[in-house]
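>>> output the structure for:
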Amino acid sequence: MQKFDRLVLTNKLGLLKTKPRKESMSHMKKITPLLVLLLIPLAISACSTQSQSENSASKSETTIVNKPEQTVSDNEIQQNKQKWEKETGSLKVVHDKVSVSDYATFPEDLQSLKKNNDYVISGTVINLQKMTDHNETAMTKATILVTRVIKGNEKLEQHKIKVTFSGGVTKNAKNKKVYVQKSAVPIPAIGSKIITGVNAKSADDADKKEAEYLKENGLDGSDYFEISVPEYNIWIKSEHGEKYHLNNQTLTGKKATDKNKKYAKELKKLTQQLNNNYN
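You can find the predicted model right below:
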């Protein structure tokens, strides 16, 4: 014990020299405040990291809700439609089937739709823009004017947000432009109404390669959101339509698999709820 008492842990800090036992407690009292001061920044850093992880949604939310409210004219929508039609109208359409994981989040009812997303919004698709291919997959950026917040901070209303769709303009093996349309996630037309669940997405949370891709395509701002499991979480109403319907048409029809028919039956009630409450 005497040898232990003479150990001076603080020599590494260059603060004290070895002292007799009777003075050790006095010096330990002096060191304690210093140790506390050294530990405070570590504690703050740990809390900050946890806070950032738990509040990715609010990080995007607090920035975007401070922007002025935005509107869009019918004339602007028509101009965007003409521009997109000019870019895609003459291209060959390539239909691409996609499979969905059995572990994908499936909204069984309105409550689960709200629970599984940071926001559930309704709005108008006001623009579509070509993106660079991502991992050899065509991508399209959609701008949505949020007209109603079904779940989440209502201050997001009348703000433009950006989301992405798999599919769009790309080049095939012969280096010719084509338009890829994902059968389970068709890209909605400009001017159509949409209800969907979205999650806040930040380029800060992506790896370096992903962050560079988002920045390259103008998706590194706080107005970028991600549609969760778009195969099951998008409802569309045409520009002059009366009711919302599932965007994924492979869930219904004669060619639908038994599994898809089961999903469609369960989603039918949710579709009715959305039309009854938010149409």
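>>> only C-alpha atoms for contact and neighbour calcs from this point on.
Noted.
>>> low-confidence ranges, the stretch 101-250 of the chain, go.
101-104, 203 (pLDDT under 70).
>>> all helices for it, in order.
Using DSSP state H, counting those that start in this stretch, the helices of the stretch 101-250 of the chain run over 110-115, 208-216.
>>> all strands for the stretch 1-150 of the chain, in order.
Using DSSP state E, counting those that start in this stretch, the strands found in the stretch 1-150 of the chain span residues 92-96, 119-130, 139-151.
>>> can you lay out these as JSON lines showing distance to Asn277?
Below are these laid out as JSON lines (distance: least, CA to CA, whole Å):
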{"stretch": "strand 92-96", "distance to Asn277": "33"}
{"stretch": "strand 119-130", "distance to Asn277": "11"}
{"stretch": "strand 139-151", "distance to Asn277": "10"}
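>>> so which of these is nearest Tyr224?
Proximity to Tyr224, assessed across the strands of the stretch 1-150 of the chain by CA to CA, is greatest for strand 139-151 (9.4 Å).
>>> out of the helices of the stretch 101-250 of the chain, nearest to Leu251?
helix 110-115 (17.9 Å).
>>> could I get the CA-only coordinates of the closest one as PDB?
Provided in PDB are the C-alpha atoms of helix 110-115 (Å, rounded to 0.1, in the frame of the first residue of the first chain):
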ATOM      1  CA  LEU A 110     -52.900   5.100 -41.800                       C
ATOM      2  CA  GLN A 111     -51.400   4.900 -38.300                       C
ATOM      3  CA  SER A 112     -48.400   2.700 -39.500                       C
ATOM      4  CA  LEU A 113     -47.900   5.000 -42.500                       C
ATOM      5  CA  LYS A 114     -47.500   7.900 -40.100                       C
ATOM      6  CA  LYS A 115     -45.300   5.900 -37.700                       C
END
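>>> let's have the helices of the stretch 101-250 of the chain in TSV, adding distance to Thr143.
Formatted as TSV, these follow (distance: least, CA to CA, whole Å):
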stretch	distance to Thr143
helix 110-115	22
helix 208-216	15
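>>> what's the closest of those helices to Ile234?
Using CA to CA, the helices of the stretch 101-250 of the chain put helix 110-115 closest to Ile234, at 10.7 Å.
>>> which residues are in contact with that closest one?
Under the criterion CA atoms under 8 Å, 6 or more residues apart in numbering, residues 107, 120, 151, 197, 233, 270, 273-274 lie in contact with helix 110-115.
>>> which one of the helices of the stretch 101-250 of the chain lies nearest to Asn260?
For Asn260, the closest of the helices of the stretch 101-250 of the chain is helix 110-115, at 18.4 Å, according to CA to CA.
>>> one step back: PyMOL command for the buried members of the contacts of helix 110-115?
A single PyMOL command is used to select the members of these judged buried by 16 or more other CA atoms under 10 Å:
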select buried, resi 107+120+151+197+233+270+274
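>>> how close does Glu154 sit to Ile194?
17 Å (CA to CA, to the nearest Å).
>>> the more surrounded of the two?
Shown here are Glu154 and Ile194; by other CA atoms under 10 Å, Ile194 has more neighbours (25 against 15).
>>> that one contacts Ser122, doesn't it?
Yes - at 5.5 Å, Ile194 counts as touching Ser122 under the criterion of CA atoms under 8 Å.
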